[in-house]
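**Q** Sharing a model prediction with you, sequence too.
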Amino acid sequence: TFSAPTDGETVRRHDKDHVFHAWGLAGADTMSVARTEGSWLWDTEGRRYLDFTSQLVNANLGHQHPRMVAAIQEQAARMATLGPAYSVDVRSEAARLIAERTPGDLDMVFFTTGGTEANENAIRMARVHTGRHKVLAAYRSYHGGTAGSMAATGEPRRWATEPGMPGVVHFWGPYPYRSAFHAESAEQECERALQHLRDVLMVEGPASIAAILLETVVGTNGILVPPDGYLQGVRDLCDEHGIVMISDEVMAGFGRCGEWFAVDHWGVVPDLLVFAKGVNSGYVPLGGVAISPAIADTFRTRPFTGGLTYSGHPLACASAIASIGIYEDEGIVEHARALGTDVIGPGLRALMERHPSVGEVRGLGVFWALELVRDRTTREPLVPYNATGEANAPMAAFTSACKERGLLPFVHFNTTHVVPPLTTTADEVREGLAILDEALEVADRSTTG
Ligand code: PLP
């Protein structure tokens, strides 16, 4: 039998030699984690860190929630694995509980093991349902690491997989702070972004477009909250042209934005809603697509040609049931909303007053970004888009300053996101904001304005 050596030095050496990591340099140095609990991580040297990342913005219920651990243990003892073709209590109940919470008439659930596969299958459903081919997706988006989702992604991580899946067309979504439309207000941004989308539909030919795929609130690419009216405008365009509206809520859903789903803020019901991450906080890999009756009906007479060996895995479904129970019993969605309005929003705006490097604060729920700039007047980003090495030094220095003080920050290009678990207490958030306050002094040194 084998047991893993636990001393940090050995863990890091074996990692360096044998683990080929995602999104990074092979053989790079890593922080080795010994223990996790709630909103905290401890490294193998005993240092404690407040997790302002929820890892990849997935651990909504924090680390090692006892009810989650127990549910997985109990299910492992009852039935640890089962193929996707059968009905089984935990899968039926997980689907029912999710369908009960997804907006409008989204009543059936296709399970996957994560977000990217859910987007792949949503695109496939839309194509078969409409008999059309093209998919419109936004620049400054991330939809996942497999071929189709990558092709839909609107940022540099797509570049290495190009030309990728044919039929994807990108357009600009709303981003008032750096408007692609030279808009000067949120209303203007909304109006012009919708006109731009209308123009793209016109020249691409609406009758060839199967789906518009959009993150409801853009996550990794900067927490871009759409202006009021934008999503309804997209919904109307989809209705007008028979296009399937796919809302990617992999990051924004399951309470992250202070509602069960981010679309609930604007009362918009998509045709397909893609989820993962927060559904069970990543305790077991799980994702899925919530499906409208019209699209489900397409596949009542024509089998759906898509599936995964681990679709609706019993351990994942048991953990999803436990997760939804915790959301309800602990008032997680309400807590997330209050943290945003009472603690994180005001706290970040206060930081902006003190630090010239903060160009904009934006977000909702427990989904916030500080956009860091060299100059507030010109809005020049603190580091160039997609910067690496020396060009990225100011953001790297900011990240190190956070970690040295015991905070794990979520950093992407020139933004830092405040995305702790939804279970984080107001006091813990304040502790993290105090560290950000100190670390921003490091970023301020690179400002010129
Ligand atoms: N969609 C969005 C909006 C995401 O943020 C992510 C992951 O960060 C994905 C899809 C891909 O999910 P996964 O990594 O579970 O495949």
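**A** Nice, thanks for sending it over.
**Q** Could you use CA atoms for every contact and neighbour count after this?
**A** Fine.
**Q** out of everything not next to it in sequence, what's closest to Asp105?
**A** Ser292 (5.9 Å; C-alpha to C-alpha, 6 or more residues apart in numbering).
**Q** how many neighbours does the one you found have?
**A** Residues within reach of Ser292, counting by other C-alpha atoms under 10 Å, total 20.
**Q** For it, give me its contacts.
**A** Counting by C-alpha atoms under 8 Å, 6 or more residues apart in numbering, Ser292 touches Asp105, Leu106, Asp107, Met108, Asp271, Leu272.
**Q** these two touch, right, Pro5 and Val11?
**A** Yes: counting by C-alpha atoms under 8 Å, Pro5 touches Val11, with 6.8 Å between them.
**Q** More neighbours: which of these two?
**A** Taking other C-alpha under 10 Å, Pro5 and Val11 do not tie; Val11 has more neighbours (18 against 10).
**Q** What's the mean pLDDT across the strand or helix carrying the more buried one?
**A** Taking DSSP states H and E as the definition, Val11 sits inside helix 8-18. What helix 8-18 shows for mean pLDDT is 96.
**Q** quick one: buried residues of that helix?
**A** Gly8, Val11, Arg12, Asp15, Lys16 (16 or more other C-alpha atoms under 10 Å).
**Q** Relative to whichever helix or strand comes after that helix, what are the paired strands and their orientations?
**A** Using DSSP H and E, the next helix or strand after helix 8-18 towards the C-terminus is strand 33-37. Each strand paired with strand 33-37, and its direction, by DSSP bridges: strand 40-43 (antiparallel).
**Q** Rounded mean pLDDT for the strand it pairs with, please.
**A** Computed over strand 40-43, the average pLDDT equals 98.
**Q** now that strand, how far from the centre of its chain.
**A** 22 Å (C-alpha atoms, centre = their mean, to the nearest Å).
**Q** what comes into contact with it?
**A** Met31, Ser32, Val33, Ala34, Arg35, Thr36, Arg48, Tyr49, Leu50, Asp51, His63.
**Q** Give the buried residues for it.
**A** Trp40, Leu41, Trp42.
**Q** what does stretch 216-229 give?
**A** Buried, per 16+ other C-alpha under 10 Å, within stretch 216-229: 216-227, 229.
**Q** next one: stretch 252-271
**A** 252-264, 268-271.
**Q** Contacts only, for whatever residue of the stretch 251-400 of the chain ends up closest to the ligand.
**A** Closest approach between the stretch 251-400 of the chain and the ligand, counting by C-alpha to the nearest ligand atom: Met251, at 4.6 Å. Residues near Met251 by C-alpha under 8 Å, 6+ apart: Val57, Asn58, Gly219, Phe275, Ala276, Lys277, Gly278.
**Q** Give me the subset of the residues you listed lying in strands.
**A** Secondary structure defined by DSSP state E assigns Phe275 of those to strands.
**Q** need the contacts of Met251 in TSV with pLDDT and distance to Arg124, can you?
**A** Below are these laid out as TSV (pLDDT from 0 to 100; distance: C-alpha to C-alpha, whole Å):
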residue	pLDDT	distance to Arg124
Val57	98	26
Asn58	98	25
Gly219	98	23
Phe275	99	16
Ala276	99	18
Lys277	98	21
Gly278	98	23
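**Q** just the contacts of Met251 now: which is nearest Pro394?
**A** Comparing those against Pro394 with C-alpha to C-alpha picks out Gly219 as the nearest, at 22.0 Å.
**Q** what's the spacing between the residue lying closest to Trp40 once chain neighbours are set aside and Lys277?
**A** Excluding the flanking residues, the one nearest Trp40 by C-alpha to C-alpha, 6+ apart is Leu50, at 4.8 Å. Computed as C-alpha to C-alpha, to the nearest Å, the Leu50 to Lys277 distance reads 19 Å.
**Q** Which one of the two is surrounded by more residues?
**A** Lys277 (28 against 25).
**Q** Please name the nearest non-neighbouring residue to the more buried one.
**A** Asn58 (4.3 Å).
**Q** Now the buried members of the contacts of strand 40-43.
**A** Ser32, Val33, Ala34, Thr36, Arg48, Tyr49, Leu50, Asp51, His63.
**Q** OK, contacts around the third one?
**A** Contacts of Ala34 were listed using C-alpha under 8 Å, 6+ apart, and they are Thr6, Leu41, Trp42, Asp43, Thr44, Gly46.
**Q** tell me the two of the residues you listed that are most distant?
**A** Thr6 and Leu41 (15.4 Å).
**Q** Okay, and Gly363 sits in which element?
**A** Using DSSP H and E, the element containing Gly363 is strand 358-364.
**Q** CA-only coordinates of that strand, as CSV, when you get a sec.
**A** Taking Å, rounded to 0.1, in the frame of the first residue of the first chain, the C-alpha atoms of strand 358-364 are listed here in CSV:
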residue,chain,number,x,y,z
VAL,A,358,-7.9,51.7,-8.3
GLY,A,359,-9.6,52.9,-11.4
GLU,A,360,-13.0,51.2,-10.9
VAL,A,361,-14.9,49.1,-8.4
ARG,A,362,-17.7,47.0,-9.7
GLY,A,363,-19.7,43.9,-8.8
LEU,A,364,-22.6,42.5,-6.9
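**Q** Report all helices and strands that it contacts.
**A** helix 345-354, strand 367-375 (3 or more C-alpha pairs under 8 Å, 6 or more residues apart in numbering; DSSP states H and E).
**Q** ok, and what's touching that strand?
**A** By C-alpha under 8 Å, 6+ apart, strand 358-364 touches 177, 223-225, 257-258, 337, 340-341, 345, 348-349, 351-352, 368-373, 375-376, 379.
**Q** Having no further points to raise, I will conclude here.
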